[in-house]
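Enquirer: sequence first, predicted coordinates after that:
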Amino acid sequence: MRVFVAGATGAIGRQLVPRLVAAGHEVHGMTRSEAKQAMLSELGAVPVLADALDPDQVADAVGRARPDVIVHQLTAIGALDMRHFDRDFALTNRLRTEGTDHMLSAGHAVGVRRFVAQSAIYGFYARTGGAVKSEEDPLDPSPPRESREALAAIRHLEDAVLGAQWTQGIVLRYGAFYGPGTTMAPGKEQFELVRRRKFPLVGDGGGVWSFIHVADAAEATVAAVEQGSPGIYNIVDDDPAPVAEWLPALAQELGAKKPMRVPRFVGRLFGGETGAVFMTEIRGASNGKAKRELAWRPAHRSWRQGFAAA
Ligand SMILES: NC(=O)c1ccc[n+]([C@@H]2O[C@H](COP(=O)([O-])OP(=O)(O)OC[C@H]3O[C@@H](n4cnc5c(N)ncnc54)[C@H](OP(=O)(O)O)[C@@H]3O)[C@@H](O)[C@H]2O)c1
């Protein structure tokens, strides 16, 4: 198939493009940057220059490529201060609202058969009931104030993709990425915060995180390009775990001292309500549906071994 990847140069895109090429697809990879075109060629893609926030550029790029499938992996996360979540996610939020709309219109114009888009599990499921959520479970009806726009933007993306009756809309709710190209890799921001004891264990550390190695996320995405009925899939590993479990384990893996413990109100001062919620209340996700319907299994079944291999 001809597959158009928006976000082809990013952490997930760089893992995804070569896998799609190896599976025999003709890949068109989008970037804003002339300088990154060579990288895309090396990965085996036809480079396409366009800004996702410019509807004419997107329509033109997709119109030329005439893909069978579009994969939307656009984000612009950069440095993140949890106290100002929506401020720091402003561009990502636009990519998930306007960017999604532009990609969908362009895809509609050429009649793409399938549209696969990046969503996320973190902070998304309701913070009530069981620790591990499936795709049918309700979403958080009252997210913390400073991350409301970010969650609204993800909901916009999901509703727009699933509501597109003219195509097969697939939403991939990825867990927290780790591995090459992400901030959770040796020497990178998140691992360094843990190694330097600047990532404290807040409150009871009862927030449950689901991780996914970025290579496994890419494998699941190839599967979703090729098969699976329209709908939502959690793409996470087999081992959702509370912060109180994974954070000390990661510190040990990195040869660091045990993380500092701080009460919730101190965590809230430094990480805002969103940070405190992530550390104490969020829920993990199950990958049963993706395993069943996408015939996919994460090679890194648990972050326990995965962090060491990152
Ligand atoms: N589930 C998760 O845990 C999750 C999800 C997303 C990101 N992250 C993490 O967040 C960190 C940073 O990610 P990131 O979002 O900065 O980016 P990234 O992984 O570098 O990828 C962003 C992609 O979006 C493209 N893009 C952004 N704005 C665009 C625009 N206006 N037009 C066209 N393309 C555009 C970029 O293309 P060009 O720059 O080439 O134009 C790039 O291909 C990474 O560690 C990543 O793993 C984690």
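Expert: Alright, I've got the coordinates.
Enquirer: how close does Ile70 get to Trp246?
Expert: Using Cβ to Cβ, to the nearest Å, one obtains 34 Å as the distance from Ile70 to Trp246. Every residue, glycine included, has its C-beta placed from N, CA and C.
Enquirer: more neighbours, these two?
Expert: Ranked by neighbour count (other Cβ atoms under 10 Å), Ile70 and Trp246 place Ile70 first, with 27 against 22.
Enquirer: so who does that one touch?
Expert: Going by Cβ atoms under 8 Å, 6 or more residues apart in numbering, Ile70 touches Val3, Phe4, Ala6, Val62, Met103, Ala106, Gly107, Val112, Arg114, Phe115, Val116.
Enquirer: do Val194 as well
Expert: Leu247, Leu250, Ala251, Leu254, Ala256, Pro259.
Enquirer: out of the residues you listed, which is nearest to Gly228?
Expert: Gly228 has its nearest neighbour among the contacts of Val194 in Leu250, at 31.7 Å by Cβ to Cβ.
Enquirer: tell me the SS of that closest one?
Expert: On the three-state scheme (DSSP: H, G, I helix; E, B strand; the rest coil), Leu250 is labelled helix.
Enquirer: please enumerate the helices of this protein.
Expert: Remark: helices assigned in the chain by DSSP state H are 13-22, 37-43, 55-65, 85-88, 90-94, 100-110, 148-163, 189-195, 214-226, 243-253, 264-280, 288-294, 303-309.
Enquirer: tilt between the longest one and helix 243-253?
Expert: For helix 264-280 against helix 243-253, the angle between stretch directions is 90 degrees (axes from the mean of the first three to the mean of the last three Cα atoms, to 10 degrees).
Enquirer: which parts of helix 264-280 are buried?
Expert: Gly267, Arg268, Gly271, Gly272, Glu273, Thr274, Gly275, Ala276, Val277, Phe278, Met279, Thr280 (16 or more other Cβ atoms under 10 Å).
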